[in-house]
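> quick check, what structure comes out for this input:
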Amino acid sequence: MRNNKAMRQWLAVALTGAVLAGPVAFAGDKLALPVVINTTTRKAAGALSSARNSADTQQFIGCGIVALPTSLTLQCVARNAAGVQVYCDSSAPNHLQVAMALHGDDYLSFEWDPANQCTNITVLKYSIYEPKAP
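Residues are numbered from 1 along each chain as shown. Here you go, the predicted structure:
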């Protein structure tokens with residue numbers, strides 16, 4: 001029993017040291033990630049909040065889901081500050097699941113094939129993304 005208690009105490013000290021010596025934290029940092037579109041690689045990305053907060057009147061990014069009687073389909077759309085707009089469609093269950101997790105301050109990236117079918121959808125949720133301004 002005594003060895004068990006000593007081991008738990010040693011483990012607690014070791015874990016505390018690892019946490020304190022871990023990577024540098026950027027508490028309170030806010031990162032603006034405007035909408036970026038690359039039509040050559042067919043990729044669009046940006047934080048929803050950064051698009052909303054942008055000074056221009058062009059940027060937006062997001063995904064919408066439509067429920068039909070027997071299926072679900074989604075469309076992701078992005079427009080950058082220059083007014084270039086792209087989209088992709090999908091009914092893939094994994095894409096739908098990821099798109100349903102998207103919220104207002106998240107980072108979204110999506111890729112598409114030549115037929116505008118989504119090939120990849122990524123949603124990232126980190127506190128470093130700037131919040132939406134009113």
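> show me where the chain has its strands.
Under the criterion DSSP state E, strands of the chain are mapped to 36-38, 43-47, 60-67, 72-79, 85-90, 107-112, 118-124.
> got CSV for those strands, with mean neighbour count and distance to residue 134 too?
Bear in mind the C-beta positions are built from the backbone N, C-alpha and C, glycine included. What follows is those, written out as CSV (neighbours: other C-beta atoms under 10 Å; distance: least, C-beta to C-beta, whole Å):
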stretch, mean neighbour count, distance to residue 134
strand 36-38, 16, 25
strand 43-47, 22, 17
strand 60-67, 16, 17
strand 72-79, 19, 22
strand 85-90, 19, 26
strand 107-112, 21, 21
strand 118-124, 17, 23
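> between those, which one is nearest to residue 132?
Across those, the minimum distance to residue 132, taken as C-beta to C-beta, is reached by strand 43-47, at 9.4 Å.
> and that closest one, which strands flank it?
Next to strand 43-47 in the sheet, as set by DSSP bridges, lie strand 36-38 (antiparallel), strand 107-112 (antiparallel).
> who wins for proximity to residue 29 among these?
That would be strand 107-112 among the strands paired with strand 43-47, by C-beta to C-beta, at 14.3 Å.
> how far off centre is that closest one?
The chain centre lies 8 Å from the centre of strand 107-112; the measure is C-alpha atoms, centre = their mean, to the nearest Å.
> where does this structure dip in pLDDT?
1-28 (pLDDT under 70).
> switch to 90 and redo it
1-32, 104-105, 126-134 (pLDDT under 90).
> ok so, going back, including distance to residue 29, could the strands paired with strand 43-47 go into CSV?
Shown next, in CSV, are these (distance: least, C-beta to C-beta, whole Å):
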stretch, distance to residue 29
strand 36-38, 20
strand 107-112, 14
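> so which of these gets nearest residue 71?
The nearest among the strands paired with strand 43-47, by C-beta to C-beta, is strand 107-112 at 19.6 Å.
> for that closest one, give me every contacting residue.
33, 41-48, 61-63, 76, 78, 86-88, 102, 118-126, 129 (C-beta atoms under 8 Å, 6 or more residues apart in numbering).
> same deal with stretch 49-65?
32-35, 44-48, 72-83, 96, 99-100, 102, 104-105, 108, 110, 121, 129-133.
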